[in-house]
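> this one's sequence-less:
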Ligand code: PYC
């Protein structure tokens, strides 16, 4: 199937994990051929970008929707292969999407309560599904690449942050020095009560950090683009340890605490000696939803485990009418 032969019907199941939507494509996806999931990701990126846009972008989706294309796994121990993507391109991995996929496959009766493995573009991950709405997953090895990296923001001075891998590249910034007091509000004022101006301040600040990283040539290992920015403040609810605001590659913010972002945070805590195996870290999102994180060490390698809940919101058939001028979605203007 080439881009020009994208079908006219695509079956999807929508869910949300801690408020962040996932759209799982269960039928009508292009055939990505054989090879590793990393190979399939490249084929998907280079040859089927219109399919990506048709599924997640307006008018069928929005900048916030993360897509998950289910395909044959390359690793035979896995029940499914999955490629995650958003409004501007493919992601490497997605934590809230992994939880959403688990609940979606459970909803379809394709998996039951128990342990299963998914093959992703960055390696296999193991999930534990409770048979209803709750999923824990063991992510890929996560680690801090660099600590206290200074970056100069025009008009805001220098901020420092850590660069860490949690399945995507993150720049993690404690916001004490930033004019985003909205992230330091007390319990009663989670994002449900924020004005759009306050979310825009967070978005603008995070976006400026991302642009400054790009301008300064600061990357993850092997030149990996740091395309997720994670700002931290104290929790809104004292039961939790911290609240975050995560800006994704297409300038949409994660409504959930971000599974890969929480993995990156666990890596930094571990390397700072602030988290050890057996501890539970409760990461709150900007809208007050929570992921529980913990770690295990396997031959010197840190493996994060993230737990959250997802809920099915729709079963749908997307219709790609050949006469529709926006059949393949309205492309996002944000750079990737
Ligand atoms: O949960 O890892 C995540 C994620 C990445 C982008 C949006 N959500």
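Cool, the structure landed. Since this is a predicted model, take the numbers as computed values, not measurements.

> gap between the closest residue to the ligand within the stretch 101-250 of the chain and residue 271?
Nearest residue of the stretch 101-250 of the chain to the ligand (Cβ to the nearest ligand atom) works out as residue 248 at 4.8 Å. For every residue, glycine as well, the C-beta is placed using N, CA and C. Residue 248 sits 24 Å away from residue 271, taking Cβ to Cβ, to the nearest Å as the criterion.

> Look at the two and report which has more neighbours.
Neighbour count, other Cβ atoms under 10 Å: between residue 248 and residue 271, residue 248 has more, with 25 against 15.

> Name all residues that make contact with the residue of the stretch 101-250 of the chain closest to the ligand.
Contact analysis of residue 248 by Cβ atoms under 8 Å, 6 or more residues apart in numbering lists 86, 227, 228, 254.

> how about it, phi and psi?
Per-residue torsions, residue 248: phi -90, psi 170 (degrees, to the nearest 10).

> just residue 45 next, same as before
According to degrees, to the nearest 10, residue 45 has phi -60, psi -40.

> Please name the residues that touch the residue lying closest to it once chain neighbours are set aside.
The shortest distance from residue 45 to any non-neighbouring residue, by Cβ to Cβ, 6 or more residues apart in numbering, is to residue 90 (5.0 Å). By Cβ under 8 Å, 6+ apart, the contact set of residue 90 is 41, 44, 45, 52, 83, 84, 121.

> looking at the sheet around residue 90, what are its partners?
Bridge pairing for residue 90 (DSSP bridges) gives the partners residue 85.

> Begin at 769 from now on, thanks
Got it, the first residue is 769 from now on, which makes the last one we talked about residue 858.

> Alongside the ligand, which residues does this protein contribute?
Contacts of the chain with the ligand, taken as Cβ under 6 Å from any ligand atom, map to 788, 834, 859, 862, 863, 864, 1016, 1022, 1024, 1026, 1027, 1028.

> Just send the residues you listed back as CSV, with distance to residue 828, secondary structure and pLDDT too.
Below are the residues of the chain next to the ligand laid out as CSV (distance: Cβ to Cβ, whole Å; DSSP: H, G, I helix; E, B strand; the rest coil; pLDDT from 0 to 100):
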residue, distance to residue 828, secondary structure, pLDDT
788, 17, strand, 98
834, 14, strand, 98
859, 19, coil, 98
862, 19, coil, 98
863, 24, helix, 98
864, 20, helix, 98
1016, 19, coil, 98
1022, 20, coil, 98
1024, 21, coil, 98
1026, 24, coil, 98
1027, 24, helix, 98
1028, 25, helix, 98
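
> closest to residue 1054 among these?
residue 1022 (7.9 Å; Cβ to Cβ).

> got any ranges where the chain has weak pLDDT?
Residue ranges of the chain with pLDDT under 70: 769-773, 945-964, 1101-1104.

> swap the cut-off to 90 and go again
Low-confidence segments of the chain (pLDDT under 90): 769-775, 921-926, 942-969, 1001-1004, 1099-1104.

> Which strand in it has the most residues?
strand 1069-1087 (DSSP state E).

> what pairs with that one, and is each one parallel or antiparallel?
strand 777-785 (antiparallel), strand 902-906 (antiparallel), strand 1058-1066 (antiparallel).
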